[in-house]
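Q: what follows is a predicted protein model with its sequence.
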Amino acid sequence: MTTVAPTTGEETDSPYALSHLDALESEAVHIFREVAGEFERPVILFSGGKDSILMLHLALKAFAPAPVPFTLLHVDTGHNFPEVLEYRDRVVAEHGLRLHVASVQEYIDRGALKERPDGTRNPLQTVPLTEKIQAERFDAVFGGGRRDEEKARAKERVFSLRDEFSQWDPRRQRPELWQLYNGRHAPGEHVRVFPLSNWTELDVWQYIAREGIELPGIYFAHERDVFQRSGMWLTAGEWGGPKEGESVEKRLIRYRTVGDMSCTGAVDSDATTLDAVIAEIAASRLTERGATRADDKMSEAAMEDRKREGYF
Amino acid sequence: MSTTTEQLADLSATTLLRFATAGSVDDGKSTLVGRLLHDSKSVLTDQLEAVEHASRNRGQEAPDLALLTDGLRAEREQGITIDVAYRYFATPRRRFILADTPGHVQYTRNMVTGASTADLAVVLVDARNGVIEQTRRHAAVAALLRVPHVVLAVNKMDLVDYAEPVFAKIAEEFTAYASDLGVPEITAIPISALAGDNVVEPSANMDWYGGPTVLEHLETVPVSHDLTSCHARLPVQVVIRPQTAEHPDYRGYAGQIAAGTFRVGESVTVLPSGRTSKVSGIDLLGRSVDVAWTPQSVTLLLEDDIDVSRGDLIVPSGDAPATSQDVEATVCHVADQPLAVGQRVLLKHTTRTVKAIVKEIPSRLTLDDLSQHPEPGQLVANDIGRVKVRTAEPIALDDYADSRRTGSFLLIDPADGTTLAAGMAGEAFGGKPQAAHAEESAQAADDDGWDF
């Protein structure tokens, strides 16, 4: 019974073994279909970033040849990359989708939110997001979060129950057994759903390459006016940079994540193709968030704390 | 940049292995996980810096690798793992999803959670202590959840002078025990997670050991079984009906194949209605195929326009599970509120959720010594017990021993949606013949009563 010296060096998988990308794809599609089967008003959080683009691609595959039975929701910080907004609107039109927008700028304009002293708008997204969820009575909200991104996200369930205040309580999560996702919730509560939970950054890029999915240009190396703040290259612009003492220079860069311009850093790169990007990530010694996200560095538990409040 | 396009193409063709770790508090589980992640170069500079920073803030001199996996405030405060964390790492040969499960007795439910999706479980033992109660508990959970492969990692071999007899004795005791429980394959590996012996690199200190390192074994263990003998099962998730000019008559039954294979032309039966038809086509996410197998997500097209909806199970005609309203199963109770005889619950099986009532709780298992306690009346958090449940509608349940996917179910509290229990239909353990078993336990209920 005990295998003391099994064969090593030979792949012993049966012909029925799926490649890891096929296995991840199949699992994500299963999750989309479960939500379609069990919820009344699901919505996909769509930022125009690679993870949400991947989610939409998988949703299109899951229900083809029928249309995607979900609407999209973009939390617009007011500090978006123009290329990304253009991409967003084009995709929405192309697939005949419906897009909801929750606007941070609108909240600031009417005094419901206050600009932070550091100018970062990322944490301000929580209120417009959660109020939109309540107003539209969304009961399932798809997020592109992956467990490899951050240690608090590593603890996240695929189906994550949020109370009427959209709060996440990591100590009261439902155990998630087999592929039996429990989406039961009371009125006012909703479930955050993460179909990409088990994907890594490299998986996402390999799948994008395999499927030939188009991305906004900021993911590929291009020359851009940037300035340095807290060790990160930020895009210069009307949103609040550079300040005095910060100087703009033209650099060859690309983005590994897409978010608010005030806290999403660029990396030096000459990767202009998908293959080059994949090679760069495979060799990188930094995680995508470590390389490019200022907001996660605020404290040791910054992500956990924001997630507790309702952040995605 | 040394990675070539060919190597990258190889990367995407690799397979995925899901595995879980189990170990008691001080047997070095975090060190093993840390070393697997670290030596496979899956810990990146910024993560290591964050751990070093946090360790310094705590006054620790060396970086505490446990902080890599303990992601919650409460976990870091208490220095323990509360909840399952999922970790990802890769080698050129395979991708891994690691369910890092807490070892505390009171978190049995988390071990069950981690083991439910695992192809392999690593059970850690401290070489100085040998097989202890906690080890037996882990073996029992792995057997109960029918994890196909179990690795016994005999850790801290450096503290017993890398002595072969120490390892051999523990391996023998564990193998005999786990085999009795029905664990199909056991691989014992002597390691030192701290010193790095036989984790990623072969040990220079144990030339008497000729087997694989932990990582080599993880890279080569087969992830899929021969599916030709499995009962094919497709739980219907949604019916896809575009009703567009382009596809006016398309009607497809979408779902993830839970077991076995389906072929075009095959005769199938839809449960619970019992209606029959033939598979006229299989769509595999945009491409038409002749054959599909688990765990592919597909859309089945049938020749006849029969009534099929979410919650139905499509199976080959002539290979259908019995449908019944009486379920007898082993459950692991995972909620803080108890499960009592007479309680009304929801039972979620594949894509079907039905009303149910708990008729009987014949026994409760004590994982410490695997003794059984008859008629406990209720089950509380982390209890494992036998239950009899009556459902409001018939369900098509396989034995968990035959199919982890169609033999498992959840019991849910209808009032607040809490997941109460994880259920596994049929007999609990797959070791000895069940009939012989029952006689034994009638005589010695509190002894080694496996068939609680």
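A: Done, it's in.
Q: any weak-confidence spans in the stretch 151-300 of chain A?
A: The model of the stretch 151-300 of chain A has pLDDT under 70 over residues A:287-300.
Q: chain B contacts on that one?
A: Contact residues (C-beta under 8 Å from any C-beta of the partner chain) of the stretch 151-300 of chain A with chain B: A:151-155, A:161, A:170-171, A:173-180, A:182, A:184-186, A:197-198, A:200, A:202-203, A:206, A:210, A:275, A:278-280, A:282-287, A:290-291, A:300. C-beta coordinates here come from the backbone N, C-alpha and C atoms, glycine included.
Q: try it again with 6 Å
A: A:151-152, A:154-155, A:170, A:174-175, A:177-178, A:180, A:182, A:184-185, A:198, A:200, A:206, A:275, A:278-279, A:282-283, A:285-287, A:290, A:300 (C-beta under 6 Å from any C-beta of the partner chain).
Q: among the residues you listed, the buried ones, what's the PyMOL command?
A: Buried subset of these, written as a PyMOL selection, criterion 16 or more other C-beta atoms under 10 Å in any protein chain shown:
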select buried, chain A and resi 151+152+154+155+170+174+175+177+178+180+182+184+185+198+200+206+275+278+279+282+286+287+290+300
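Q: in helices, which of the residues of the stretch 151-300 of chain A next to chain B appear?
A: Counted as lying in helices by DSSP state H, out of these, are A:206, A:275, A:278-279, A:282-283, A:290.
Q: ok but residue B:33 is inside a helix, no?
A: Yes: counting by DSSP: H, G, I helix; E, B strand; the rest coil, residue B:33 falls inside a helix.
Q: please flag which of the residues of the stretch 151-300 of chain A next to chain B sit within strands.
A: Among those, none falls in strands (DSSP state E).
Q: quick revisit: mind picking the two most distant members of the ones in helices among the residues of the stretch 151-300 of chain A next to chain B?
A: Spatial extent of these (C-beta to C-beta) is set by the pair A:275 and A:290 at 23.6 Å.
Q: spell out the residue ranges of the helices in the chain.
A: Just going to use chain A. Under the criterion DSSP H, chain A contains helices at A:20-38, A:50-63, A:82-94, A:104-109, A:126-136, A:201-211, A:274-283, A:288-292, A:302-309.
Q: let's do chain B instead
A: So, for chain B - with DSSP H - the helices run B:5-12, B:29-39, B:45-57, B:66-69, B:73-78, B:108-116, B:133-144, B:164-180, B:214-220, B:434-443.
Q: average model confidence for the second one?
A: Here the mean pLDDT over helix B:29-39 is 82, rounded to a whole number.
Q: do the last one as well
A: Computed over helix B:434-443, the mean pLDDT rounds to 37.
Q: again, but for the longest one
A: Mean pLDDT, taken over the full extent of helix B:164-180, equals 95.
Q: so which elements touch it?
A: Contacts defined by 3 or more C-beta pairs under 6 Å, 6 or more residues apart in numbering or on different chains; DSSP states H and E place helix B:164-180 against strand B:149-155, strand B:185-190.
Q: for the first one, name the packing helices and strands.
A: It stands for strand B:149-155. Contact here means 3+ C-beta pairs under 6 Å, 6+ apart; on that basis strand B:149-155 packs against strand B:120-126, helix B:164-180, strand B:185-190.
Q: same check on the last one?
A: Counting contacts by 3+ C-beta pairs under 6 Å, 6+ apart, strand B:185-190 packs against strand B:149-155, helix B:164-180.
Q: switch the cut-off to 10 Å
A: strand B:120-126, strand B:149-155, helix B:164-180, helix B:214-220 (3 or more C-beta pairs under 10 Å, 6 or more residues apart in numbering or on different chains; DSSP states H and E).
Q: buried residues in it, which are they?
A: By 16+ other C-beta under 10 Å, the buried positions in strand B:185-190 come out as B:185-190.
Q: just want the angle from that strand to strand B:149-155.
A: Between strand B:185-190 and strand B:149-155, the angle comes out at 20 degrees (axes from the mean of the first three to the mean of the last three C-alpha atoms, to 10 degrees).
Q: C-alpha coordinates for strand B:185-190, CSV please?
A: C-alpha atoms of strand B:185-190 as CSV (Å, rounded to 0.1, in the frame of the first residue of the first chain):
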residue,chain,number,x,y,z
GLU,B,185,-2.7,5.5,-1.4
ILE,B,186,-0.2,6.5,1.2
THR,B,187,3.3,7.8,0.6
ALA,B,188,5.6,8.3,3.6
ILE,B,189,8.5,10.8,3.3
PRO,B,190,11.1,11.6,6.0
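Q: run the chain-centre distance for that strand.
A: Put simply, strand B:185-190 sits 18 Å off its chain's centre (C-alpha atoms, centre = their mean, to the nearest Å).
Q: what mean pLDDT does it have?
A: On average, strand B:185-190 scores 96.
Q: angle of that strand against helix B:164-180?
A: 160 degrees.
Q: give me the angle between strand B:185-190 and strand B:120-126.
A: Using the same axes, to 10 degrees: strand B:185-190 against strand B:120-126 is 40 degrees.
Q: got a list of what the closest residue to residue B:29 other than its chain neighbours touches?
A: Leaving aside its sequence neighbours, residue B:29 sits nearest to residue B:23 (C-beta to C-beta, 6 or more residues apart in numbering or on different chains; 3.6 Å). Counting by C-beta atoms under 10 Å, 6 or more residues apart in numbering or on different chains, residue B:23 makes contact with B:29-33, B:101-103, B:122-126, B:134-135, B:138, B:153, B:155, B:193.
Q: equivalent analysis for residue A:135, please.
A: By C-beta under 10 Å, 6+ apart, the contact set of residue A:135 is A:100, A:102.
Q: so how far is chain B from it?
A: For residue A:135, the distance to chain B (C-beta to the nearest C-beta, to the nearest Å) stands at 23 Å.
Q: tell me the phi and psi of residue A:285?
A: phi -100, psi 10 (degrees, to the nearest 10).
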